[in-house]
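S.K.: Pasting the sequence and the predicted model now:
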Amino acid sequence: MTRATVLLAVLLLVCGARVSRAQSPSELLRQGVQAYQALEYDAAAALLERSLRRDSVTGLADSLETRALTYLAATELFRGQRDSAVATFRQLILLNPRYRPDELVFPPQVTNLFQEVRRSTKAVAVVVPPVTTVRTRLDPFKARLLTSSLADLTVTLAREDGTPVRELYSGPVADTLVLSWDGLTAAGTPAEDGRYILRVMPRSPTADGPRARQVVLDVKQQPPDTLPWPPTPPLLPERTSTGPAFQSLAAGLVAGVAVVALPSLMAQGKDATGARYAVGAAVGVSGLVGFFARKPRPLDANVRANASQRDAWKRRVDAVEAENAARLRTMRLVVRAGPETIAERGSP
Amino acid sequence: MRIIALLGVLAFAAPVLAYSQGRPSVLFRGDAGFVWVRSDTAPAGAGASRLRGPVLGGEGRLVFNGFSVGLGLSSGTLQAADQTSAKRDLIEGRLLVAARPIPWLEMSVGPFVRAYVMDAVTERWVFWQARARVDAPIVTSGLTSYVELWRAVSSQVNLVAGAGRVQGGEAGVTYRPPERPFSLRLAYRVDDAAVRGGGDGSQMLEAISVSVVVGGQ
C-alpha cells in the first residue's frame, strides 16, 4: 500500500513537471509562432496571448515579450482584428520605443501598420546600468533615453522628497539620447548619500504625449584614496661634525693638564719648577689649534648633492599634493539604479 | 740577574724581528733639553742640592709590525742652582722593547741607567722600567699629544741607603709638518726616585726637551 502511494506520487511529480514545461511562456511562444507560420491564426492568437499572461511566475524576458507582441499583432491583423493589432503594437511601443519589426520576417502590411501606430504613439524609455561608479567631473553616470518618435523632454534629478537637484536635459529627442551626469548638484558639489529620482517627462504634457518615466537611483559616496607623502630622502651631512673638533681640544687640554699635573702625580710633595707650565700651555694651545682646524665647516659637495635630492623630493611632494587635491575634488559615487517605472502624475 | 733579564727581552724581540713580514723602518730622534735635578740623597745634614743644565741626546728605534727595539742616550753637565762651583755630569742610557697592541697605546719595558758623575764619585741608578704611553691625535696624523707613565719594576743605586720606589712620567705634543720627512716634539718629563730607608731622601728630575724625529712613518 505504502509502495503504491510513493510510486503514484513520483509519477504525478514527473508528469506535472512535463506539463509545466510544456506550458511555459517560452514554449507557448514557440508554439504560437509555429501556428502563425502555419497560418493557423486563431490557435496562434490563443497561444501567444497565453504566453504573455503576466500572472505567470516565469514570465517572458523583455526580448521574447517584444517578439510575442509582434507576432500577436501580426496575427490579429491577419485575423481581421485591426483594432487589436493596433492596441498590441501600442503596447509593444510603450514597452520598447525603439523596437522595429524585422521587415524580412513580417510582410509590409504588418510593418506599415506598426509605423502608423508608432507615429501616433508617443513613448519614452530610460535605460540605465544597474551599478555605476561615478567620479565627479571625470567619469559621469550615463543614461539612454529612447523615444518612439520625436518628443520634447525634460530630464531632471531630484531627491526622493522632491527637492530638485539638477536639470540634466531639456529639449527634443528624436530617437536616442545619451545623458551624462557628472555627479554634481546644481551648486557644483558632489551629490550626498541618499535616494534620488531620475525623471523623464514631456516638457508640455498632453493627453497623447508620452508618459513620464522615472528611475530610482541610490547614491553612496566613497571617499577617495589619497597617496601617501613620499619619504624624505636620506641626506648627507652638510657640515662636518663637532665631534672631531672637541676631540682635538680634549686631547690637547688633557695632555696640557697632564704636563702640569705630572709632578703632583709622580713626585708628590716635591717642588717642581715652573717649566712645566710653559710646556703645558704649549700643549694646550696645540689643542686649541686642533679645535679651530677641525671646527665644523660646510661640505660643499654634500650641500650640492642634498640640494638636488631636496629639489627632487619637493617635486614629488608637489606632484602628490596636486594629485591628492585632484582626488579630493573628485568624489567617487556608487550609483545603483532601480527599475524603470511610470511616474505618476503629481508625484514629486 | 739583570743581564739574564736583558737577554730575555732581546730573546723576545729577536723572533719578532725574524718573523716580521713588514719591512722594518728606522727612526731617529735628536733631543735638546734642559734638566732640573733636586736631590735629597746626600748624607743627613748635607741639605738638598739643586742642579740644572742643558742636555743633548738621541734615540734610535727599529720599528716593525707594531713592535720596536730602541736604544737611547743623553748627556749634559749640570750646575748647582746656587751658582757654586759644584758640577755633575748627567748621563742617561736606555734600552727598550716596545709593542703597540692598538694604535693609540704603546707598552714598553727595558733597563734605564742614569749616572751623576762627580769629581770623586759616580752615583749610578739602574731601573727596569715598565712604561705605558697613550697617543691622542689632535689633528689627524699631524698634531698628536701623548702622555707616558712609567714605574720601575726593580731599581738599584750605588748609595748606602739603596733605591726605593722609582717612577715618572712624560707628556708632550708631536707635530709632523705636511709632506716633510721629520716631526717635531715638545715634551716635559719628571722622574722621582726615593731612597730606601733614607727618610725623606729622594731625587726628582725634571726636563723639558725639544726633539726632531726623522724616519718612521
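M.R.: The structure has been received and is ready for your questions.

S.K.: Could you list which residues are in contact with B:A86?
M.R.: If you count contacts by C-beta atoms under 8 Å, 6 or more residues apart in numbering or on different chains, B:A86 has them with B:S49, B:L51, B:Q79, B:A80. (Each C-beta comes from the backbone N, C-alpha and C, glycine too.)

S.K.: Selecting buried members of these in ChimeraX, what would you type?
M.R.: Per 16 or more other C-beta atoms under 10 Å in any protein chain shown, the buried members of the contacts of B:A86 correspond to this ChimeraX selection:
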select /B:49,51,79,80
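
S.K.: Need the max-distance pair from the contacts of B:A86.
M.R.: B:S49 and B:Q79 (11.0 Å; C-beta to C-beta).

S.K.: need the longest helix for chain A.
M.R.: In chain A, with assignment by DSSP state H, the single longest helix is helix A:300-329.

S.K.: right, and the helix or strand after it?
M.R.: strand A:332-342 (DSSP states H and E).

S.K.: in its sheet, what does that next one sit against?
M.R.: The sheet places strand A:332-342 alongside strand A:131-135 (antiparallel), strand A:213-222 (antiparallel), with pairing taken from DSSP bridges.

S.K.: gap between the residue nearest the centre of chain B and chain A?
M.R.: With distances taken as C-alpha atoms, centre = their mean, B:R94 lies nearest the centre of chain B, 6.5 Å away. As defined by C-beta to the nearest C-beta, to the nearest Å, B:R94 lies at a distance of 17 Å from chain A.

S.K.: which ones are touching that residue?
M.R.: B:E59, B:G70, B:L71, B:G72, B:L73, B:G110, B:P111, B:F112, B:V113, B:Q129.

S.K.: what about stretch A:219-232, distance to the chain center?
M.R.: Chain-centre distance of stretch A:219-232: 16 Å, with C-alpha atoms, centre = their mean, to the nearest Å.

S.K.: Report the buried residues of that stretch.
M.R.: A:V219, A:Q221.

S.K.: Provide the contact partners of that stretch at residue level.
M.R.: Residues contacting stretch A:219-232 (C-beta under 8 Å, 6+ apart): A:133, A:190-196, A:313, A:316-317, A:320, A:323-324, A:327-328, A:330-336.

S.K.: What is the neighbour count of residue 156?
M.R.: Using chain A. 17 (other C-beta atoms under 10 Å in any protein chain shown).

S.K.: oops, chain B please
M.R.: 16.

S.K.: any idea which element the nearest residue to it once chain neighbours are set aside lies in?
M.R.: Sequence neighbours aside, B:V126 is the residue nearest to B:Q156 in space, at 4.6 Å (criterion: C-beta to C-beta, 6 or more residues apart in numbering or on different chains). Taking DSSP H and E as the criterion, B:V126 maps to strand B:122-139.

S.K.: A:D152 now?
M.R.: strand A:151-159.

S.K.: what's the following helix or strand after the helix or strand of chain B with the lowest mean pLDDT?
M.R.: Evaluated with mean pLDDT, DSSP states H and E, the helix-and-strand set of chain B has its lowest mean pLDDT in helix B:2-19, which scores a mean of 50. Of the helices and strands lying after helix B:2-19 in sequence (DSSP H and E), the nearest is strand B:25-39.

S.K.: Given that next one, what are its sheet partners and their directions?
M.R.: strand B:49-64 (antiparallel), strand B:202-215 (antiparallel).

S.K.: hang on, the earlier thing: for the residue nearest to the centre of chain B, name its beta-bridge partners.
M.R.: With DSSP bridges as the rule, B:R94 is bridged to B:G72, B:F112.

S.K.: Can you give me the distance of it to B:D135?
M.R.: For B:R94, the distance to B:D135 equals 19 Å [C-beta to C-beta, to the nearest Å].

S.K.: on that earlier part again, the following helix or strand past the strand holding B:V126 pairs with which strands?
M.R.: Downstream of strand B:122-139, the first helix or strand assigned by DSSP H and E is strand B:143-157. Strand pairing for strand B:143-157, using DSSP bridges, gives strand B:122-139 (antiparallel), strand B:163-175 (antiparallel).

S.K.: Switch the ones you listed over to TSV; also include mean pLDDT and mean neighbour count.
M.R.: Formatted as TSV, these follow (pLDDT from 0 to 100; neighbours: other C-beta atoms under 10 Å in any protein chain shown):
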stretch	mean pLDDT	mean neighbour count
strand B:122-139	92	19
strand B:163-175	90	22
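
S.K.: Stretch A:250-258 and chain B, are they touching?
M.R.: Yes - Stretch A:250-258 reaches chain B (C-beta under 8 Å from any C-beta of the partner chain) through A:A250, A:A251, A:G252, A:V254, A:A255, A:G256, A:A258.

S.K.: The third one and B:V173 touch, don't they?
M.R.: Yes - checked against C-beta atoms under 8 Å, the pair A:G252 and B:V173 is within contact range at 7.3 Å.

S.K.: So which residue is dead centre in chain A?
M.R.: A:T133 (0.9 Å).

S.K.: Quick check: chain neighbours aside, which residue is closest to it?
M.R.: A:V334 (5.6 Å).

S.K.: is the one you found in a bridge, and if so with what?
M.R.: A:T133, A:K220.

S.K.: for it, what are its contacts?
M.R.: A:V131, A:T132, A:T133, A:V134, A:V219, A:K220, A:Q222.

S.K.: just these now: which is nearest chain B?
M.R.: Of all these, chain B sits closest to A:Q222, with 62.4 Å by C-beta to the nearest C-beta.

S.K.: any idea of the pLDDT on that closest one?
M.R.: We have a pLDDT of 87 for A:Q222.

S.K.: Same question for A:L72.
M.R.: 93.

S.K.: Quick check: the gap between it and A:S51.
M.R.: Distance from A:L72 to A:S51, by C-beta to C-beta: 9 Å.

S.K.: cool, B:V214 as well?
M.R.: 120 Å.

S.K.: now A:A73
M.R.: 14 Å.

S.K.: now do A:A35
M.R.: A:A35 is 11 Å from A:S51, by C-beta to C-beta.

S.K.: do the same with A:I342
M.R.: In terms of C-beta to C-beta, A:I342 sits 23 Å off from A:S51.

S.K.: more neighbours, these two?
M.R.: A:S51 (28 against 11).

S.K.: check contacts around the more buried one.
M.R.: A:S51 neighbours (C-beta under 8 Å, 6+ apart): A:P25, A:S26, A:L28, A:L29, A:G32, A:L60, A:A68.

S.K.: before we move on, back to that, narrow the contacts of B:R94 to those that are buried.
M.R.: B:E59, B:G70, B:G72, B:L73, B:G110, B:P111, B:F112, B:Q129.

S.K.: and the first one, bridged to which residues?
M.R.: So that's B:E59. With DSSP bridges as the rule, B:E59 is bridged to B:R29, B:G72.

S.K.: Report the distance from stretch A:277-288 to the chain centre.
M.R.: Worked out by C-alpha atoms, centre = their mean, stretch A:277-288 lies 80 Å from the chain centre.

S.K.: Residues in contact with it: which ones?
M.R.: A:248-253, A:255-260, B:138, B:143, B:145, B:171-173, B:175, B:186-188, B:208.

S.K.: ditto for stretch A:318-325
M.R.: Against stretch A:318-325 from outside (C-beta under 8 Å, 6+ apart): A:T226, A:L227, A:P228, A:W229, A:P230.

S.K.: do stretch A:101-112 as well
M.R.: Counting by C-beta under 8 Å, 6+ apart, A:T70, A:A73, A:A74, A:L77, A:F114 sit against stretch A:101-112.
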